[in-house]
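Asks: Provide a 3D model corresponding to the input given below.
(4 chains, ligands or ions: 4)
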Amino acid sequence: MSNAMSDESNTESAMREIQIRDALQEAMTEEMLRDERVFLVGEEVGGYNGAYKCSKGMLDQFGARRVIDAPIAENGFTAIAIGAAMAGLRPIVEFMTFNFSLCAIDQIINTAAKARLMSAGAISCPIVFRGAGGAAFQLGAQHANSFDGFYAYTPGLIVIAPATPYDMKGLLKSAIRDENPVVFFESELTYGKRGMVPEGEYLIPIGKADIKREGSDVTLITWSKNVFLVLDVAEELAQQGISAEVIDLRTLRPLDKEAVFNSVAKTNRCVIIQEQHEVASYGAYLSHLISTEIFDELDAPVGLVSTLEAPMPYSKALEVVLLPSKERIIEKVKAVCS
Amino acid sequence: MSNAMSDESNTESAMREIQIRDALQEAMTEEMLRDERVFLVGEEVGGYNGAYKCSKGMLDQFGARRVIDAPIAENGFTAIAIGAAMAGLRPIVEFMTFNFSLCAIDQIINTAAKARLMSAGAISCPIVFRGAGGAAFQLGAQHANSFDGFYAYTPGLIVIAPATPYDMKGLLKSAIRDENPVVFFESELTYGKRGMVPEGEYLIPIGKADIKREGSDVTLITWSKNVFLVLDVAEELAQQGISAEVIDLRTLRPLDKEAVFNSVAKTNRCVIIQEQHEVASYGAYLSHLISTEIFDELDAPVGLVSTLEAPMPYSKALEVVLLPSKERIIEKVKAVCS
Amino acid sequence: MEQELLSDLYKQMARIRRFEEEAARLYTEKKIGGFLHLYIGQEAVAVGALSVLQKNDYVMTAYRCHGHYLARGGSARAGMAELLGKETGCAKGRGGSMHFYDVENRFMGGWGIVGAQVPVAAGLAFAEKYKGSDGIAIVFLGDGAINIGSFHEGLALSALWKIPVIFVIENNQFAMGTPLEKTAPTDDLSIRALAYPMARETVDGHDIFAVRETIFAAAKRAREQNLPTLVEAKTYRYRGHSMADPAKYRTSQDVDAWKARDPIKVLGETMESLGMKALREQIDQDVENEIQDAVRFAEDSPFPAPETALDYTYV
Amino acid sequence: MEQELLSDLYKQMARIRRFEEEAARLYTEKKIGGFLHLYIGQEAVAVGALSVLQKNDYVMTAYRCHGHYLARGGSARAGMAELLGKETGCAKGRGGSMHFYDVENRFMGGWGIVGAQVPVAAGLAFAEKYKGSDGIAIVFLGDGAINIGSFHEGLALSALWKIPVIFVIENNQFAMGTPLEKTAPTDDLSIRALAYPMARETVDGHDIFAVRETIFAAAKRAREQNLPTLVEAKTYRYRGHSMADPAKYRTSQDVDAWKARDPIKVLGETMESLGMKALREQIDQDVENEIQDAVRFAEDSPFPAPETALDYTYV
Ligand SMILES: Cc1ncc(C[n+]2csc(CCOP(=O)(O)OP(=O)(O)O)c2C)c(N)n1
Ligand SMILES: Cc1ncc(C[n+]2csc(CCOP(=O)(O)OP(=O)(O)O)c2C)c(N)n1
Ligand SMILES: [Mg+2]
Ligand SMILES: [Mg+2]
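Replies: Ligands and ions are numbered 1, 2, ... in the order given. Predicted coordinates for the structure are as follows:
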């Protein structure tokens, strides 16, 4: 992936605490200041400062030419941004949520992801599609889809799904500088989440997982907002005498196989936690890789905790049953560790 | 799945040889004669007898009220058919190929698949989406997509991908009678494929895999047109002294776990062959299930042969490299069996 | 007769208004989760339109659906219970605020993807025509829904296939924080119909009688000639897009200008001027009782049982 | 001067005609795989339209793309090699018949999903405006593409955002086997533009000079006022939808009626009547040589190396 420097590019600078929405706004703002070709388009990104306030102040700073309020026409504004990328600009497309990206998925998969191959490299499509994926609280079935697996399936796309403010900012900046089309997943539930980021500029390389907690008994692999849930679980497991290593994939495509395999080779046990249904899911693919490529390292079958196999019901009494929960994760970890 | 009788419903009747396109036409015709609520809509299904002649003669037989030529508006005619299903009809929607279903996927996933859950059963959506999936010869990147994994991922949908004329007819009839939305995959390359079907009416139950060849050394699992490729491979393996059992899943969702597990428990070795990329694929999910749920039955890691990770190039010199091939399958089988 | 009509229309609008005011209260008490989009201010559109339709006509709308559900005869109890995610809800707690259903009354929801309901509703009407019934479909959408592909494909195919359907754009001037001019560079949204052979109308959505006339004529065209109509009803939402939206993108004067012509207030005054003051007060009381009863019912109802979480996915 | 123009236009049309006649032959010899959609009969549209554009204008079309590629200056050698799937092709054998590219000449393909190229092309024009250049985009689509969402969203956003783009519907009367009346109940497709603030034109696609005038005016509107235009060019494809289509859905009389006005024949006759007979024959000979050379080049070229199958997916 072009241009992405290593984590070390920031060891000097002092740290400060910000929310994820600010991390995203800073990443976009810095890149727009750095590169005139970068612009932001999406519903409510301008006058409204973003449905989740991730582009706060950007219309005032950059004007309507570079911070563009789009009407509700995902297919249309996505395709226009793709065309603009083919003509040398570097668009950032915000989907209010990735649920609505389904209205534009043909353009993402059949145009953006394939333009380079079909033109034998004559056309590139440097564009970032970003927004919230997965369920928030009680938004009902049509607003709780997890489509990260659809995009991760697609050759030609890069798929990033970070958790922390630090990773969000550093990876979004790398995504904007990347020459490939990038699908970047956030979460409605964590835009307000706080975390430390350096004062100065930094980038995080695409395709590198991060060990969010070291451990020796079992490897817990996850991504996106579930990193926070899994870190809580690891804490609880520690109290119960189980030392869990938590791997945050950060990038789904390309996968950091090495980081995953090294950790599992160390712990010999592994549980994958995903907010996706199980069939044809990314987590099942991870389980397949681990189960087949490092078969001999495993002391127990890989564990997989997924969203249950039904559309998301509205009632909180039911939503909690479908989503991965502390209880279900701990149960699975114990099964794998026994 | 409602209404689907067992394979036995035809033991009496004499057999005859027909092409897959005829099997599909017979299934639709029989069901339209049986049930006034069934109708067919899609591009070129009427006057043109179907882009691949799967609805030959149906416009003449049933008239324009029930065999409806649609303009190119996949989202629109798919949604209209979905609405008609909600109002008590039983539409069959033909996608010229499933590549174009991406323009309608929001309606399939967010409307058809979720209507029952969101209305707590008050609305059902008995509809069949059928057409060709996967690559044909040299159609280029945008016409060679495999999206069966996207639909198999989706709770609320049934996904069927048969291979033979016999299975196509029996399963399409069951699909049309089913109360759930069904996504039914065919293949451009096999519409002319011949096979025996009974004279009389028969149905094949949804959710039942079929052992297409018995064997003892290794289980080869596949579906759709690759069944034919894998049967050839099995023949070749036999000559080399490897006895392969070939499982044709026929239905991807719901999966016939029992058939798969029984076979692998017998052979203790397994190779999955799919025309899907590997990441977040259905085949990787199968591998995960086998590797984790019957871990102890395996004498070797599960083998997976997939389409390589790039959009499909046009040139035949490259297309053959990406698609699953005899050579790649045999190589994988030998690795698993050594 | 005339009196009965006025009281009916008034009552339906008042039910919606009070239902949603109570819903807003319960939302701030965190008893309702997710998004809550209020219809307050637009009542005359749903009530006027649905008051001239038949029992065998289908009704569909977007996520701002409480008003249409109630106007079509949906029960306040089942609606309120749905908002609280209870098993006694109109969708047994599975749907939520954006997905109300009352299939007996042919109210088919309640959909969350902007514009997607447009061709689906055309399909409901298609089925009625296919069956040879005289039923039609009416579908409501927002001003924000006129650019998305589903809207155009739904109109194009309905015109091409002569489907008996009415498309009603409830132009409440905003799509979330997006003012109309950022959605379409025109203030006549009905021109979108010019691209297809169909009828078009623009109507004052605060004038319930004008809405009735317009929809009655459109229904007649649909029923008798299978001719679709695109109707633009100019209206306004008094509240934010959803409870989460402070609606800073407009002034209170803008809102007050519309409130001055509030359809419930206006119709109430008309009733009084016709000597129906007592009747109006009686209706207000009945509505109050109905809504309070609905709230009690909803609060007292049980949540769905966890073991039913996977129900209603397949038959 | 005038002579030069006539010869140029004639030569471009003749190149396309002969290129595709040879392609058809190679297809029947199984040297070309996949689908092969021929542009034969429609040459005046692409040649006329592109003859009035600037170097910095972008061109995009659907899968029936050989004509636009050649008219924009694409090499016959690279085009023919592409059809044969050779490494020397205009897309190194990766694109194929439906996906020709010549990015140096700003010919951006060659797309297979009906209508999808419409908003993408608007994006190319958007970028030129963003950069402050005076470049515009022109995008060609078929009569079958006017119902799909991408078409409408592309038009709606281009009008709303004042994007300098020209949309050309090449109405060749059929979408595969679907006659126009099953696509739209009108024979004026330009009315689709009435839904948006944009210009619209209808032109005889067999009259290359009329096409030039229409597109020149549309380009001026785009360049000077950022006003998009929807152009309907009435034309005809002499061959089937693709080589696989016997085109039984029309009579040979229908085809002959259009062939009688064949733009290449007509322009050739004009040239002769202007005393340019010798020049015409010279051009025919040059074109013949160019195409024969292209075929030889394509046949002699190597296939891509198997180990490059995964190239060009990522940078
Ligand atoms: C396809 C799609 N894109 C975006 C959204 C997010 N969204 C929900 S409501 C809304 C605004 C809709 O405004 P309008 O159509 O005018 O309806 P109103 O809310 O005014 O009733 C948006 C952008 C969505 N639900 N669906
Ligand atoms: C979205 C989509 N649906 C269906 C197809 C299959 N298809 C390819 S060409 C075609 C007909 C298009 O006709 P028209 O737009 O008139 O273009 P023409 O072939 O006449 O140039 C169809 C249905 C497709 N490529 N894309
Ligand atoms: Mg609105
Ligand atoms: Mg055509």
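Asks: In contact with whatever residue of chain A ends up closest to chain B, which residues?
Replies: Nearest residue of chain A to chain B (CB to the nearest CB) works out as A:Ser291 at 3.5 Å. The way it works is simple: take the backbone N, C-alpha and C, and place the C-beta from them, glycine included. If you count contacts by CB atoms under 8 Å, 6 or more residues apart in numbering or on different chains, A:Ser291 has them with A:Leu298, A:Pro301, A:Val302, B:Ser287, B:His288, B:Ser291, B:Thr292, B:Pro301, B:Val302.
Asks: give me the element C:Glu170 is part of.
Replies: Following DSSP states H and E, one finds C:Glu170 within strand C:165-171.
Asks: Determine the set of other helices and strands touching that strand.
Replies: Secondary-structure packing of strand C:165-171 (3 or more CB pairs under 8 Å, 6 or more residues apart in numbering or on different chains; DSSP states H and E): helix C:43-50, helix C:117-131, strand C:137-142, helix C:149-161, helix C:208-225, strand C:229-234.
Asks: closest one to ligand 1 among these?
Replies: Nearest to ligand 1 among the helices and strands packed on strand C:165-171 is strand C:137-142 (2.2 Å), distances taken as CB to the nearest ligand atom.
Asks: Just the CA trace of that closest one, in PDB.
Replies: In PDB, the C-alpha atoms belonging to strand C:137-142 read as follows (Å, rounded to 0.1, in the frame of the first residue of the first chain):
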ATOM      1  CA  ALA C 137     -51.800   1.400  -3.700                       C
ATOM      2  CA  ILE C 138     -50.800   4.700  -2.300                       C
ATOM      3  CA  VAL C 139     -47.200   5.300  -1.200                       C
ATOM      4  CA  PHE C 140     -45.800   8.200   0.800                       C
ATOM      5  CA  LEU C 141     -42.200   9.500   0.500                       C
ATOM      6  CA  GLY C 142     -40.200  12.500   1.500                       C
END
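Asks: Would you pull up how far it lies from the middle of the chain?
Replies: Chain-centre distance of strand C:137-142: 8 Å, with CA atoms, centre = their mean, to the nearest Å.
Asks: right, is that strand up against ligand 3?
Replies: Yes. Applying CB under 5 Å from the ion, one finds strand C:137-142 in contact with ligand 3 at C:Gly142.
Asks: Spell out the secondary structure type for the residue of chain A closest to chain B.
Replies: At A:Ser291 the chain is in helix, as set by DSSP: H, G, I helix; E, B strand; the rest coil.
Asks: List of residues touching the next helix or strand after the strand holding C:Glu170?
Replies: The first helix or strand that comes after strand C:165-171 along the chain, using DSSP H and E, is strand C:174-175. Contact with strand C:174-175 is made by A:Pro71, A:Ile72, C:Gly142, C:Asp143, C:Gly144, C:Ala145, C:Leu180, C:Thr183, C:Arg237, C:His241, C:Tyr249, C:Arg250, as judged by CB under 8 Å, 6+ apart.
Asks: For those, work out which two are farthest apart.
Replies: Spanning the widest gap among those are C:Ala145 and C:Arg250, at 19.8 Å by CB to CB.
Asks: Might you report the residue contacts of A:Ala161?
Replies: For A:Ala161, the contacting residues are A:Gly133, A:Asp148, A:Phe184, A:Phe185, A:Trp223, A:Ser224, A:Leu249, A:Arg250, A:Thr251, A:Leu252, by CB under 8 Å, 6+ apart.
Asks: State the pLDDT value of it.
Replies: Looking at A:Ala161, its pLDDT is 98.
Asks: do A:Ser13 as well
Replies: pLDDT, A:Ser13: 72.
Asks: now do C:Asp187
Replies: With respect to pLDDT, C:Asp187 scores 87.
Asks: Skipping adjacent residues, who's closest to it in space?
Replies: Among residues not flanking C:Asp187 along the chain, C:Leu180 sits closest, at 6.8 Å (CB to CB, 6 or more residues apart in numbering or on different chains).
Asks: what does the average pLDDT come to for stretch C:106-114?
Replies: Mean predicted confidence for stretch C:106-114 is 97.
Asks: Can you sort out which of the contacts of A:Ala161 also neighbour ligand 2?
Replies: Contacts with ligand 2 are made by none of the contacts of A:Ala161, judged by CB under 6 Å from any ligand atom.
Asks: do stretch A:88-107 and chain C meet?
Replies: Yes. Contact of stretch A:88-107 with chain C (CB under 8 Å from any CB of the partner chain) involves A:Asn99, A:Phe100, A:Leu102, A:Cys103.
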